[in-house]
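Quick one: sequence plus predicted model below, questions after.
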Amino acid sequence: MFDIKTVAVLGAGAMGNGITQVTAAAGYTVVMQDIAETALENGLNTIKKSVGKLAAKGKVSQEEADALFARISTTTSLEEAVKDADLVIEAVPENLELKMEVFKRLDAACKPGAILGSNTSTLPITSIASATTRPQHVCGIHFMNPVPVMIGVELIRGRLTSDEVMDAVVAYVKQIGREPVMAVDYAGFIVSRLLDVLNNEAVKCVMDGNKPEDVDKAMKLCCNFPIGPLALIDMVGAEIVLHGLETLERDLGDKYKAAPLLRQMVRAGELGRKTGRGFYTYND
Ligand SMILES: NC(=O)c1ccc[n+]([C@@H]2O[C@H](COP(=O)([O-])OP(=O)(O)OC[C@H]3O[C@@H](n4cnc5c(N)ncnc54)[C@H](O)[C@@H]3O)[C@@H](O)[C@H]2O)c1
């Protein structure tokens, strides 16, 4: 019933450009949209660097790289981006009001059979879907960061999402070489619900006097984590982690109350890699 050929990705940030890359690499036509022209330029540059690295390792030929870029177009207009889309993947900032406003516009602009996906890390899909008149077509498609590297994609069925939509997104995720993981629609799903407790506790360890290097080293060398929790917060963005904790606290209780240090770092603009400073400093 759902034949996905054209995909619109909303937001060209850390997640949006990665989703655009892996989707175009699998042969789909992709329109990447952002409100900021500079974000589209940065997004395309990030894809170029990422594909360049794959080409240097011999994992992608020059012809494949050229074909991948030929399948990507960009625009700052949401309506233009989604007019032919069979699947929309929203990756705008983690803010419920903003996402609901975007989904309201999608409802008006998308063709009747389009699937409307959100890459939200924590916000219940049923809330986002309530901004539309077609909640049966809305679902969560939660990619992990960095998208070109991470294989698991959490798929979330809202309370009213149809079986056919879930089948179609499972097929899309497999088509792009990823593995779907099904999760129930409560705040944080599976990944953020578990990870945010750990990450928040890692911030409290720093407040107690532990050095970030020691916290991360302990979890890497003693628990075999591929990356320490504080380096992960820097990679994800402290404001995204804080927003996730606030959503989880609202829906699931006090154990998700954000560590004061995390809140203070967000106020200071120490968001991690994207601002050059978080628990660590970055010069690249
Ligand atoms: N960063 C992560 O590790 C991570 C992981 C999984 C999921 N997510 C989720 O993905 C979403 C995006 O996160 P990100 O890290 O890519 O954020 P980001 O800040 O890197 O990028 C967001 C982009 O959205 C653009 N934008 C803002 N308002 C817009 C609008 N109305 N329409 C179109 N574009 C708009 C911004 O200009 C920016 O380029 C969030 O919901 C976040 O929770 C993030």
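Arrived safely, thanks for sending. Numbering: from 1, shown residues only.

do you know how far residue 252 is from residue 94?
16 Å (C-beta to C-beta, to the nearest Å). Quick note: C-beta positions are derived from backbone N, CA and C, even for glycine.

which residues touch stretch 128-139?
Stretch 128-139 is contacted by residues 96, 99-101, 103-104, 106-107, 112-118, 120, 125-126, 155-162, 165-166, 169 when judged by C-beta atoms under 8 Å, 6 or more residues apart in numbering.

What's the PyMOL line that selects buried ones from those residues?
Remark: buried members of the contacts of stretch 128-139, expressed as a PyMOL selection using 16 or more other C-beta atoms under 10 Å:
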select buried, resi 96+99+100+103+106+107+114+115+116+117+118+120+125+126+155+156+157+158+161+162+165+166+169
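
now, which of the contacts of stretch 128-139 lie within helices?
Judged by DSSP state H, the subset of those located in helices is 96, 99-101, 103-104, 106-107, 125-126, 165-166, 169.

hmm, which two among those residues are most spread apart?
The most widely separated members of those, counting by C-beta to C-beta, are 101 and 166 (25.2 Å).

Which residue, other than its chain neighbours, is closest to residue 88?
The shortest distance from residue 88 to any residue other than its chain neighbours is 4.7 Å, reached at residue 8 (C-beta to C-beta, 6 or more residues apart in numbering).

Read off the pLDDT value for the residue of the chain found nearest the ligand.
Ranked by C-beta to the nearest ligand atom, the top residue of the chain for proximity to the ligand is residue 13, at 1.8 Å. On the pLDDT scale, residue 13 is placed at 96.

That one: neighbour count?
Other residues near residue 13 come to 18 when the count uses other C-beta atoms under 10 Å.

do you know how far it is from residue 113?
Noted for residue 13: a distance of 28 Å to residue 113, by C-beta to C-beta.
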